[in-house]
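Colleague: following is a predicted model, sequence given first.
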Amino acid sequence: MCGRYATARARQELLDEFQVELDASEDALEPDYNVAPTKSVPAVIQRAPKDSDEALRTLRKLRWGLVPSWAKDLSMGSRLINARIETVHEKPAFRRAFAKRRCLLPADGFYEWYELKTPGEKPKKPKKQPFFIRPRDGAVMAMAGLYELWRNPEDEWVWTCTVITTAATDEVGRIHDRMPMIVEPSQWAAWLDPANDDPDTVRGLLEPAMAGRMEAFPVSTSVNNVRNNGPSLVEPLPDGDISGEYGATLF
(Lines give C-alpha, C1' and ligand atoms only; values in the text may rest on other atoms or scores of the structure.)
Protein backbone atom coordinates (compact mmCIF):
# COMPACT_ATOMS: atom_id res chain seq x y z
CA MET A 1 0.00 0.00 0.00
CA CYS A 2 1.09 3.55 -0.69
CA GLY A 3 -0.40 5.45 2.24
CA ARG A 4 1.86 8.48 2.60
CA TYR A 5 3.98 10.51 0.19
CA ALA A 6 5.62 13.88 -0.41
CA THR A 7 4.80 16.41 -3.11
CA ALA A 8 6.68 19.64 -2.57
CA ARG A 9 7.43 21.03 -6.04
CA ALA A 10 6.52 24.65 -6.67
CA ARG A 11 3.35 25.24 -8.65
CA GLN A 12 5.17 26.78 -11.61
CA GLU A 13 7.62 23.88 -11.72
CA LEU A 14 4.70 21.43 -12.03
CA LEU A 15 3.03 23.56 -14.69
CA ASP A 16 6.24 23.58 -16.72
CA GLU A 17 7.07 19.92 -16.13
CA PHE A 18 3.68 18.62 -17.24
CA GLN A 19 2.94 21.37 -19.79
CA VAL A 20 -0.41 22.19 -18.22
CA GLU A 21 -2.55 25.15 -17.25
CA LEU A 22 -3.75 25.79 -13.71
CA ASP A 23 -7.43 25.01 -13.36
CA ALA A 24 -9.38 28.25 -12.96
CA SER A 25 -10.89 27.04 -9.69
CA GLU A 26 -7.56 26.45 -7.98
CA ASP A 27 -5.56 28.64 -5.65
CA ALA A 28 -1.87 28.33 -4.76
CA LEU A 29 -0.43 24.87 -4.18
CA GLU A 30 1.46 24.45 -0.93
CA PRO A 31 4.41 22.03 -0.50
CA ASP A 32 3.38 18.96 1.49
CA TYR A 33 6.02 16.58 2.85
CA ASN A 34 3.48 14.41 4.65
CA VAL A 35 0.57 13.74 2.32
CA ALA A 36 -1.99 11.48 3.99
CA PRO A 37 -5.39 10.14 2.90
CA THR A 38 -8.21 12.73 2.68
CA LYS A 39 -5.70 15.55 2.06
CA SER A 40 -5.84 17.64 -1.13
CA VAL A 41 -3.11 16.73 -3.61
CA PRO A 42 -2.04 18.20 -6.97
CA ALA A 43 -3.09 16.15 -9.98
CA VAL A 44 -2.77 16.44 -13.74
CA ILE A 45 -6.00 15.61 -15.57
CA GLN A 46 -7.22 15.87 -19.15
CA ARG A 47 -10.88 16.74 -19.51
CA ALA A 48 -13.13 18.67 -21.87
CA PRO A 49 -14.86 21.73 -20.37
CA LYS A 50 -18.66 21.80 -20.45
CA ASP A 51 -18.76 24.22 -23.37
CA SER A 52 -16.12 22.43 -25.49
CA ASP A 53 -15.39 19.09 -27.09
CA GLU A 54 -11.63 19.61 -26.83
CA ALA A 55 -9.99 17.97 -23.80
CA LEU A 56 -7.62 20.29 -21.90
CA ARG A 57 -4.76 19.23 -19.65
CA THR A 58 -4.89 21.06 -16.33
CA LEU A 59 -3.43 20.97 -12.84
CA ARG A 60 -5.95 20.86 -10.01
CA LYS A 61 -6.29 19.60 -6.47
CA LEU A 62 -8.06 16.33 -5.68
CA ARG A 63 -9.01 14.72 -2.37
CA TRP A 64 -6.94 11.57 -1.82
CA GLY A 65 -9.26 8.60 -1.38
CA LEU A 66 -11.48 7.80 -4.36
CA VAL A 67 -15.23 8.09 -3.82
CA PRO A 68 -17.28 6.42 -6.59
CA SER A 69 -20.26 8.36 -7.91
CA TRP A 70 -22.64 5.82 -6.34
CA ALA A 71 -21.14 6.03 -2.83
CA LYS A 72 -23.45 7.14 -0.02
CA ASP A 73 -20.87 9.38 1.65
CA LEU A 74 -17.24 10.51 1.61
CA SER A 75 -16.14 7.95 4.18
CA MET A 76 -15.78 5.32 1.46
CA GLY A 77 -12.75 7.20 0.16
CA SER A 78 -10.62 6.30 3.19
CA ARG A 79 -10.77 2.65 2.05
CA LEU A 80 -9.94 3.43 -1.58
CA ILE A 81 -6.63 5.30 -1.41
CA ASN A 82 -4.97 2.62 -3.58
CA ALA A 83 -6.09 0.56 -6.56
CA ARG A 84 -4.24 -2.66 -7.42
CA ILE A 85 -3.05 -2.82 -11.04
CA GLU A 86 -3.95 -6.51 -11.11
CA THR A 87 -7.68 -5.82 -10.64
CA VAL A 88 -8.23 -2.09 -11.25
CA HIS A 89 -9.90 -2.67 -14.64
CA GLU A 90 -12.60 -4.92 -13.17
CA LYS A 91 -13.35 -3.68 -9.65
CA PRO A 92 -16.71 -1.80 -9.54
CA ALA A 93 -15.20 1.12 -7.61
CA PHE A 94 -12.46 1.70 -10.19
CA ARG A 95 -13.34 0.31 -13.62
CA ARG A 96 -15.23 3.37 -14.92
CA ALA A 97 -12.47 5.72 -13.81
CA PHE A 98 -9.81 3.41 -15.27
CA ALA A 99 -11.56 3.62 -18.64
CA LYS A 100 -12.15 7.37 -18.74
CA ARG A 101 -10.76 9.29 -15.75
CA ARG A 102 -7.05 8.69 -15.34
CA CYS A 103 -4.67 11.23 -13.84
CA LEU A 104 -1.03 11.81 -12.91
CA LEU A 105 -0.15 12.49 -9.27
CA PRO A 106 3.22 14.33 -8.99
CA ALA A 107 5.37 13.11 -6.10
CA ASP A 108 8.92 13.59 -4.86
CA GLY A 109 8.81 10.15 -3.25
CA PHE A 110 6.75 8.00 -0.91
CA TYR A 111 7.03 6.53 2.58
CA GLU A 112 6.87 2.92 3.73
CA TRP A 113 7.35 1.40 7.18
CA TYR A 114 9.62 -1.55 7.88
CA GLU A 115 9.14 -3.75 10.93
CA LEU A 116 12.48 -3.90 12.72
CA LYS A 117 13.84 -7.33 13.53
CA THR A 118 14.47 -7.92 17.23
CA PRO A 119 16.48 -10.68 18.87
CA GLY A 120 14.82 -12.93 21.45
CA GLU A 121 11.23 -12.33 22.49
CA LYS A 122 9.19 -10.27 20.05
CA PRO A 123 7.60 -7.16 21.64
CA LYS A 124 3.81 -6.87 21.65
CA LYS A 125 4.01 -3.72 19.57
CA PRO A 126 6.82 -4.11 16.99
CA LYS A 127 8.94 -1.06 16.28
CA LYS A 128 8.56 0.20 12.73
CA GLN A 129 11.08 2.35 10.92
CA PRO A 130 9.82 4.80 8.25
CA PHE A 131 11.71 4.94 4.96
CA PHE A 132 11.54 7.56 2.23
CA ILE A 133 11.76 6.11 -1.27
CA ARG A 134 12.55 8.42 -4.16
CA PRO A 135 14.21 8.60 -7.61
CA ARG A 136 18.00 8.72 -7.27
CA ASP A 137 18.23 11.55 -9.81
CA GLY A 138 15.72 13.77 -8.02
CA ALA A 139 13.19 13.60 -10.87
CA VAL A 140 9.51 14.06 -10.16
CA MET A 141 7.49 10.85 -10.02
CA ALA A 142 4.29 10.87 -12.08
CA MET A 143 2.31 8.32 -10.09
CA ALA A 144 -0.53 6.67 -11.99
CA GLY A 145 -3.88 7.64 -10.54
CA LEU A 146 -7.62 7.65 -11.18
CA TYR A 147 -10.11 10.37 -10.32
CA GLU A 148 -13.84 10.51 -9.75
CA LEU A 149 -16.51 13.15 -9.14
CA TRP A 150 -18.97 12.70 -6.29
CA ARG A 151 -21.94 14.96 -5.60
CA ASN A 152 -22.36 15.78 -1.91
CA PRO A 153 -25.66 16.53 -0.13
CA GLU A 154 -25.08 20.26 -0.70
CA ASP A 155 -25.15 19.59 -4.47
CA GLU A 156 -21.42 20.32 -4.81
CA TRP A 157 -18.98 18.20 -6.76
CA VAL A 158 -16.11 16.66 -4.79
CA TRP A 159 -13.11 15.55 -6.85
CA THR A 160 -11.29 12.51 -5.44
CA CYS A 161 -8.44 10.24 -6.51
CA THR A 162 -6.56 7.01 -5.86
CA VAL A 163 -2.99 5.78 -6.50
CA ILE A 164 -2.48 2.64 -8.60
CA THR A 165 -0.03 0.16 -7.02
CA THR A 166 1.82 -2.99 -8.03
CA ALA A 167 4.16 -5.60 -6.55
CA ALA A 168 7.36 -3.92 -5.33
CA THR A 169 10.70 -4.22 -7.10
CA ASP A 170 13.82 -5.42 -5.28
CA GLU A 171 14.79 -1.94 -4.08
CA VAL A 172 11.47 -1.51 -2.27
CA GLY A 173 10.34 -5.10 -1.83
CA ARG A 174 12.55 -5.67 1.19
CA ILE A 175 10.70 -2.82 2.94
CA HIS A 176 7.14 -3.32 1.67
CA ASP A 177 5.49 -5.63 -0.86
CA ARG A 178 3.64 -2.90 -2.82
CA MET A 179 4.71 0.29 -4.58
CA PRO A 180 3.12 2.92 -6.84
CA MET A 181 2.90 2.49 -10.58
CA ILE A 182 4.28 5.39 -12.58
CA VAL A 183 3.83 6.78 -16.06
CA GLU A 184 6.94 7.74 -18.03
CA PRO A 185 6.85 11.15 -19.79
CA SER A 186 6.61 9.49 -23.22
CA GLN A 187 3.33 7.88 -22.12
CA TRP A 188 1.68 10.84 -20.37
CA ALA A 189 -0.45 11.84 -23.35
CA ALA A 190 -1.75 8.30 -23.95
CA TRP A 191 -2.45 7.75 -20.23
CA LEU A 192 -4.40 10.98 -19.81
CA ASP A 193 -6.37 10.66 -23.07
CA PRO A 194 -9.99 9.78 -22.10
CA ALA A 195 -10.55 8.39 -25.61
CA ASN A 196 -7.95 5.70 -24.94
CA ASP A 197 -10.21 3.17 -23.24
CA ASP A 198 -8.84 -0.29 -24.11
CA PRO A 199 -7.88 -1.89 -20.74
CA ASP A 200 -4.93 -3.88 -22.08
CA THR A 201 -3.49 -0.89 -23.92
CA VAL A 202 -3.89 1.34 -20.87
CA ARG A 203 -2.32 -1.22 -18.50
CA GLY A 204 0.64 -1.47 -20.87
CA LEU A 205 1.46 2.21 -20.30
CA LEU A 206 2.43 1.61 -16.66
CA GLU A 207 5.52 0.31 -14.93
CA PRO A 208 6.70 -0.08 -11.31
CA ALA A 209 7.98 3.17 -9.83
CA MET A 210 11.19 3.79 -11.76
CA ALA A 211 12.43 0.22 -11.39
CA GLY A 212 16.21 0.22 -10.88
CA ARG A 213 16.34 3.98 -10.34
CA MET A 214 15.06 4.33 -6.78
CA GLU A 215 16.80 4.83 -3.46
CA ALA A 216 15.40 4.13 0.00
CA PHE A 217 16.70 5.48 3.29
CA PRO A 218 15.42 5.69 6.89
CA VAL A 219 13.92 8.96 8.05
CA SER A 220 12.67 10.39 11.32
CA THR A 221 9.64 8.84 13.01
CA SER A 222 8.22 12.38 13.06
CA VAL A 223 6.52 11.45 9.79
CA ASN A 224 4.32 9.04 11.76
CA ASN A 225 2.26 12.01 12.93
CA VAL A 226 0.31 13.51 10.02
CA ARG A 227 0.38 16.92 11.73
CA ASN A 228 4.15 17.12 11.24
CA ASN A 229 5.38 18.60 7.99
CA GLY A 230 8.42 20.22 6.40
CA PRO A 231 11.59 19.21 4.50
CA SER A 232 13.17 17.66 7.61
CA LEU A 233 10.81 14.68 7.19
CA VAL A 234 12.61 13.53 4.03
CA GLU A 235 16.17 13.97 5.35
CA PRO A 236 18.09 10.69 5.80
CA LEU A 237 18.83 9.66 9.37
CA PRO A 238 22.52 9.64 10.34
CA ASP A 239 24.06 6.16 10.29
CA GLY A 240 23.42 4.32 13.52
CA ASP A 241 20.22 6.15 14.45
CA ILE A 242 17.86 3.30 13.54
CA SER A 243 18.69 0.52 15.96
CA GLY A 244 15.97 1.40 18.46
CA GLU A 245 15.57 0.33 22.06
CA TYR A 246 15.49 -3.38 21.24
CA GLY A 247 18.79 -3.47 19.39
CA ALA A 248 16.83 -4.05 16.20
CA THR A 249 18.40 -4.42 12.77
CA LEU A 250 17.03 -3.46 9.38
CA PHE A 251 17.59 -6.37 7.04
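Modeller: The structure has been received and is ready for your questions.

Colleague: list the contacts of Tyr33.
Modeller: The contact partners of Tyr33, taken as C-beta atoms under 8 Å, 6 or more residues apart in numbering, are 6, 8, 229-231, 233-234. Bear in mind the C-beta positions are built from the backbone N, C-alpha and C, glycine included.

Colleague: from these, which land in strands?
Modeller: Ala6 (DSSP state E).

Colleague: the contacts of Tyr33, buried ones only, as a PyMOL selection?
Modeller: A single PyMOL command selects the buried members of these (16 or more other C-beta atoms under 10 Å):
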select buried, resi 6+8+229+233+234
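
Colleague: Asp73: which of the contacts of Tyr33 is nearest?
Modeller: For the contacts of Tyr33, the minimum distance to Asp73 (C-beta to C-beta) is 27.6 Å, reached by Asn229.

Colleague: ranges for the strands of the stretch 151-251 of the chain?
Modeller: Using DSSP state E, counting those that start in this stretch, the strands of the stretch 151-251 of the chain run over residues 157-167, 178-183, 206-208, 214-218.

Colleague: how about the stretch 1-150 of the chain?
Modeller: Assigned by DSSP E, counting those that start in this stretch, the strands in the stretch 1-150 of the chain fall at 5-7, 21-22, 32-35, 40-47, 56-64, 82-84, 102-107, 109-115, 128-135, 141-151.

Colleague: tell me what angle the last one forms with strand 40-47.
Modeller: Going back to what we said before, that points to strand 141-151. In terms of direction (axes from the mean of the first three to the mean of the last three C-alpha atoms, to 10 degrees), strand 141-151 departs from strand 40-47 by 80 degrees.

Colleague: by contact count, what packs against strand 141-151?
Modeller: strand 40-47, helix 95-100, strand 102-107, strand 109-115, strand 157-167, strand 178-183 (3 or more C-beta pairs under 8 Å, 6 or more residues apart in numbering; DSSP states H and E).

Colleague: for Leu56, find the nearest of those.
Modeller: strand 40-47 (6.8 Å).

Colleague: kindly list the longest helix within the protein.
Modeller: helix 11-18 (DSSP state H).

Colleague: please tell me how far the residue most central in space within the chain sits from Gln19.
Modeller: Nearest to the mean C-alpha position of the chain, counting by C-alpha atoms, centre = their mean, stands Val163 at 4.7 Å. Going from Val163 to Gln19 by C-beta to C-beta, to the nearest Å gives 22 Å.

Colleague: same check, this time on Gln46
Modeller: 11 Å.

Colleague: residues touching Pro236, list them.
Modeller: Here Pro236 is in contact with 132, 217-219 (C-beta under 8 Å, 6+ apart).

Colleague: for those residues, which one is nearest Asp108?
Modeller: Out of these, the member with the shortest distance to Asp108 (by C-beta to C-beta) is Phe132, at 8.8 Å.

Colleague: tell me how far the closest one lies from Thr221.
Modeller: 12 Å.

Colleague: with neighbour numbers in mind, choose between these two.
Modeller: Neighbours per residue (other C-beta atoms under 10 Å) separate Phe132 from Thr221, with Phe132 holding more: 25 against 17.

Colleague: show me the beta-bridge partners of that one.
Modeller: In this entry, Phe132 is beta-bridged to Tyr111, Phe217, by DSSP bridges.

Colleague: one step back: neighbour count winner among Gln46 and Gln19?
Modeller: Neighbour tally, Gln46 and Gln19, criterion other C-beta under 10 Å: the higher count belongs to Gln46, 20 against 11.
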